[in-house]
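Colleague: Got a sequence here, can you model it:
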Amino acid sequence: MEGYLELTQEQWAEVLAENNNDAAMFVLRCWANSQSVSSGAVNAFKENTVTSDEDRKIASGVIGHITKLVRKATGSTGGACYTWNKIEGTWNIGFYQTRNLRKAMGVSAEF
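Modeller: From the prediction side, this is the model:
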């Protein structure tokens, strides 16, 4: 695995252009707004009420979709654009990652 992938504004724009998944867009907007998205939030978007750890797989599938787009945009064969916090059940991106994603979405990098 290549580790943490830091995307440029142009690479995020490619991810956004290639995405055709509403749940993935929800995750990307959460990252742009707060640098974080929880498994519970993704499950809620998918109209699922979490009852066990197995429900995290639903959210993991959405993250997997984004990861494929990120790897295509970066030319990476491994790595991810996020870190996983198992205790909180969240996927998180860094400050500069958030800035570049926000700029790719056509909004101010600062908020």
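Colleague: C-alpha from now on. contacts and neighbour counts both.
Modeller: Will do.
Colleague: quick one, helices of the protein?
Modeller: 9-18, 22-34, 39-45, 56-74, 95-104 (DSSP state H).
Colleague: and the angle from the second one to helix 9-18?
Modeller: What separates the directions of helix 22-34 and helix 9-18 is an angle of 150 degrees, with axes from the mean of the first three to the mean of the last three C-alpha atoms, to 10 degrees.
Colleague: again, but for the last one
Modeller: Using the same axes, to 10 degrees, the inter-axis angle of helix 95-104 relative to helix 9-18 is 60 degrees.
Colleague: Please identify the buried residues of helix 95-104?
Modeller: By neighbour count on 16 or more other C-alpha atoms under 10 Å, the buried set for helix 95-104 is 97-104.
Colleague: again with the longest one
Modeller: By neighbour count with 16+ other C-alpha under 10 Å, helix 56-74 contains the buried residues 56, 58-59, 62-63, 66-67, 69-71, 73-74.
Colleague: Can you spell out which helices and strands pack onto that helix?
Modeller: Packing partners of helix 56-74 (3 or more C-alpha pairs under 8 Å, 6 or more residues apart in numbering; DSSP states H and E): helix 9-18, helix 22-34, helix 39-45.
Colleague: likewise the third one?
Modeller: Applying 3+ C-alpha pairs under 8 Å, 6+ apart, one finds that helix 39-45 makes contact with helix 22-34, helix 56-74.
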